[in-house]
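> Below: sequence and its predicted model.
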Amino acid sequence: MSDIIAREDAHTSGLYQKRALAIVRGEGARLWDANGHEYIDCVGGQGSANLGHGNAVVADAIATQARSLASSTELFYSDRRAELYGVLARILPRDLDRVFLCNSGTEALEGAFKFARMATKRPRVVATMRGFHGKTMGALAATWGPEYREALGGDALFPGTAHIPFNKTEALDAAITPETAAFVIELVQGEGGVRPASPEFVAEAGRVCKTRGALLIVDEVQTGFCRTGSMFAIERYGIVPDVLCLAKSIAGGVPMGAIAFARSLGDLPKRSHSSTFGGNPLACAAAIAAIGEMERLDLARCARERGEQLVDGLRGIESPRIREVRGLGLLCGIELKENAGPTIKALQDRGVLALGAGPTVVRYLPPLVITAAQVDAVIAATAAALS
Ligand SMILES: *Cc1c(COP(=O)(O)O)cnc(C)c1O
């Protein structure tokens, strides 16, 4: 393993905070490092592995499509893209029946902001404190985390982006004005500490956006594709936004993002947005297979059942170091009264790979195929790590 680490370290950008672990293989919710040590995966590709590792149906679909046609842009129509649009239209709310395909979460947010500004002819975006929407320039302006923006001139990045307190319903009315193109929100803040939005906040956001003529953008890059116990978290909140951003698990691990939006946005200027890899047949084939597998395996139910098991188990741990256990579906976190780093390391030493979410939260984002026995093992490892 140390030779892999040395070879990467020789050329890495240096931008990532890496753990000294080379992961080389996965199966379901299990991972193996280069020394053959086995782990239960509660990082889940940071949300891109909802379907679990090594899914054979997705692997076969990728291989078959790669042999037939991997590259073709939106200059032409495509059988695979047409098929994927049909699949997305079937699982999305009826009003969100137009889709722009791209390659990542941040790219979905970039497009969403552009679409909102073009459709409303307004300049401003309102986002939430602790929100995370990606790290390219436009998305980064909506991302909270002043530490990510400091070196770039902070709020000069994308002038006119404001952040309001998450779940503070009273703040919406003053923040969303006739200048506002869109309000953007995660229904469960992932990176920001596993914080579910209150139904009142979400409902009021929808109401204020409607009365002010601003668009509601819901960022389901992390909550989408069964993570919170339904195909999309908007179903749990009973809302239909104007724009829905998707990525991470959409294509079973192949890079892909999508912006689903309402026809009421009107016609956007031709060629005002595009992406060479967007909607390529290889990614589309992977997405069709992945979504089919999510439905066949009923991953929404898995997320509800295993999520309840995990949250109940974590709540049962008696430790003075725990402040709160939170979650929706299988997006779960423990907020500690201390820095989460040592606990994440202690979990790793006990064979569980978990994730941070802000300085004090241990986040669990396992593949949704995780078994009941594996969840029990995660709970036991956490109890030991916090004892
Ligand atoms: C991960 C994430 C993004 C950014 O996605 P990338 O593919 O890393 O660019 C945006 N929004 C949310 C809610 C995310 O969790």
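That came through, no problem.
> Taking the stretch 51-200 of the chain, what residue is nearest to the ligand?
Gly105 (2.1 Å; Cβ to the nearest ligand atom). The way it works is simple: take the backbone N, C-alpha and C, and place the C-beta from them, glycine included.
> burial count for that residue?
31 (other Cβ atoms under 10 Å).
> Get me the contact residues on the stretch 151-300 of the chain for the ligand.
Proximity of the stretch 151-300 of the chain to the ligand, by Cβ under 6 Å from any ligand atom, involves residues 186, 190-191, 219, 221-222, 247.
> Export stretch 144-164 to CSV, keeping only CA atoms.
Provided in CSV are the C-alpha atoms of stretch 144-164 (Å, rounded to 0.1, in the frame of the first residue of the first chain):
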residue,chain,number,x,y,z
TRP,A,144,-21.4,28.4,2.8
GLY,A,145,-17.9,27.7,4.2
PRO,A,146,-16.2,31.0,4.2
GLU,A,147,-12.9,29.0,4.4
TYR,A,148,-13.4,27.8,0.8
ARG,A,149,-13.9,31.3,-0.5
GLU,A,150,-11.4,33.4,1.5
ALA,A,151,-8.5,32.9,-0.9
LEU,A,152,-10.7,34.0,-3.8
GLY,A,153,-11.9,37.4,-2.6
GLY,A,154,-14.9,36.0,-0.7
ASP,A,155,-18.2,37.6,-1.6
ALA,A,156,-16.8,39.3,-4.7
LEU,A,157,-16.9,35.9,-6.4
PHE,A,158,-20.5,36.0,-7.6
PRO,A,159,-21.9,39.4,-6.4
GLY,A,160,-25.3,39.4,-5.0
THR,A,161,-25.4,36.0,-3.4
ALA,A,162,-26.8,36.1,0.2
HIS,A,163,-26.8,33.4,2.9
ILE,A,164,-29.7,33.2,5.3
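> Which positions in it come out as buried?
144-145, 149, 158, 161-164 (16 or more other Cβ atoms under 10 Å).
> pLDDT weak spots in the chain?
Segments of the chain classed as low confidence (criterion: pLDDT under 70) are 154-157.
> where exactly do the helices run in it?
Here the chain has its helices, by DSSP state H, at 2-9, 44-47, 56-68, 79-91, 105-120, 137-142, 146-149, 170-175, 199-212, 233-237, 281-296, 299-315, 341-349, 372-385.
> Please identify the most buried of these.
Of all the helices of the chain, helix 105-120 has the most neighbours on average by mean count of other Cβ atoms under 10 Å, namely a mean of 25.
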